[in-house]
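**Q** Here is my input, please return the structure:
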Amino acid sequence: MTAIKELKAVARPRAGKGAARAERLAGRVPAVIYGEKQDPVTISLDNKEITRTIYAGHFLTTLFVIEVDGKRHRVIPRDYQLDPVKDFPLHVDFLRVSAGAHVTVEVPVHFVNQEKSPGLKRGGTLNVVHHAVTLDADAEHIPEFIEADLTGLEIGDSIHLSVVKLPSGIVSALTGDDTLATVMAPSGLKEAEAEDAAAAAEQA
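**A** Below you'll find the model as predicted:
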């Protein structure tokens, strides 16, 4: 079961750019809680705490409980904006999540057993097409990552999402069978193959 973390927040009665700017000047980050057919709740978060939490990783796949005015909200972050120059958070959006609800999330892909790929051992290069995949998951069982096994892959081979074993109850949110990575030939081998092909063409 995914660990549920707590975040401290205070109610933010006013919305709008002026009020949001005032919150940031006070060392707080404006945020909103929405969803579950309830009215949005505008809140603000401690700048240092939310910055630390975002940069700790897995922020968008972590469940949180936020208490506001005595009411506890079970949420998952859906988006956040960072300052384009200084990279500190400007705003955070949280989605309410009821027990048993499913959410669509992006989960990182970890490529394992590279040492067991004959193509990579021959000098091939792993060309990663997707560093993360979109999954439909029970909010309480969101995996931190999925593993793509490169065992046996030769130069020119690809690994697709369909061969990756997903955790129980987790399905791909995509309709196609995405290529996650391909083992590319090293540049020297490509040049040699091109020269061989040109020589064969001349002899033909």
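**Q** alpha carbons only for contacts and neighbour counts from here, please
**A** Fine.
**Q** what's next to whatever helix or strand Ala20 lives in, contact-wise?
**A** Taking DSSP states H and E as the criterion, the element that holds Ala20 is helix 17-25. Outside helix 17-25, the residues within contact range by CA atoms under 8 Å, 6 or more residues apart in numbering are 29-30, 44, 47, 90.
**Q** is it true that Ser98 lies in a strand?
**A** No: per DSSP: H, G, I helix; E, B strand; the rest coil, Ser98 lies outside any strand segment and is coil.
**Q** Leaving aside the residues adjacent along the chain, what's closest to it?
**A** Excluding its sequence neighbours, the residue lying closest to Ser98 (CA to CA, 6 or more residues apart in numbering) is Arg74, at 6.9 Å.
**Q** and the helix or strand harbouring that neighbour, which residues are buried?
**A** Arg74 belongs to strand 71-82 when elements are defined using DSSP H and E. For strand 71-82, a neighbour-count test (16 or more other CA atoms under 10 Å) marks 73-78 as buried.
**Q** Pairing partners for that strand, with directions?
**A** Taking DSSP bridges as the criterion, strand 71-82 pairs within the sheet with strand 63-68 (antiparallel), strand 89-96 (antiparallel).
**Q** So, low pLDDT: which residues of the chain?
**A** Under the criterion of pLDDT under 70, the regions of the chain flagged as low confidence span 1-2, 14-15, 175, 188-204.
**Q** where along it do the strands fall?
**A** Assigned by DSSP state E, the chain shows strands spanning 4-11, 28-35, 38-46, 63-68, 71-82, 89-96, 102-112, 125-128, 132-138, 146-149, 158-160, 171-172, 179-184.
**Q** Can you check what angle separates the second one from helix 17-25?
**A** Orientation check (axes from the mean of the first three to the mean of the last three CA atoms, to 10 degrees): strand 28-35 against helix 17-25 gives 120 degrees.
**Q** For strand 28-35, which residues meet the burial criterion?
**A** By neighbour count, and taking 16+ other CA under 10 Å as the criterion, the buried residues in strand 28-35 are 28-34.
**Q** same deal with the last one?
**A** For strand 179-184, the neighbour count (16+ other CA under 10 Å) marks 180-184 as buried.
**Q** again, but for stretch 164-173
**A** Buried residues in stretch 164-173, defined by neighbour count with 16+ other CA under 10 Å: 166, 170, 172.
**Q** Break the protein down into its structural domains.
**A** Domain ranges of the chain: 4-98, 103-203, per automatic domain parsing.
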